[in-house]
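**Student:** would you be able to build a 3D model of this:
(one chain, ligands or ions: 1)
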Amino acid sequence: MYDIIKWGVDYMNNQINIKIPKKYQERIMEIYHDEDGYWVILNKGWCGYEQGCHVIHEDTQHDMLRSIREIEVCDCDACRE
Ligand SMILES: [Zn+2]
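**Tutor:** Got it, this is the predicted structure:
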């Protein structure tokens, strides 16, 4: 059910290993971590907080995982092309 995915590196250049449920993995292109927090870049066809929002930003891993569970199908012009 859960896979540990190597999503990239954090700002200290450490590998990020985050457990993401499989059903959400296909929705995510990339996750990275810098001094501003966690950034989740979504694949085409998916959105975060609202329609047309393809990047999720959260301060903590906990909040990021919560937002990942709220990813929805995106119906914006760019995704419908
Ligand atoms: Zn979209």
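
**Student:** how close does residue 45 sit to residue 16?
**Tutor:** Distance check for residue 45 against residue 16: by C-beta to C-beta, to the nearest Å, it reads 24 Å. Placement of C-beta: from N, CA and C, glycine included.

**Student:** what of residue 26?
**Tutor:** Distance of residue 26 to residue 16, computed by C-beta to C-beta: 18 Å.

**Student:** more neighbours: which of the two?
**Tutor:** A count of neighbours by other C-beta atoms under 10 Å puts residue 16 above the other of residue 26 and residue 16, at 15 against 10.

**Student:** hmm, that one is touching residue 33, no?
**Tutor:** Yes: here residue 16 reaches residue 33: they are 5.8 Å apart, a contact under C-beta atoms under 8 Å.

**Student:** pull out the buried positions in stretch 68-75.
**Tutor:** 68, 71, 74 (16 or more other C-beta atoms under 10 Å).

**Student:** does the first one touch residue 23 like I think?
**Tutor:** No: using C-beta under 8 Å, residue 68 is not in contact with residue 23, being 10.3 Å away.

**Student:** returning to that earlier point: of the buried residues of stretch 68-75, which is the nearest to the ion?
**Tutor:** Nearest to the ion among those is residue 74, at 3.3 Å by C-beta to the ion.
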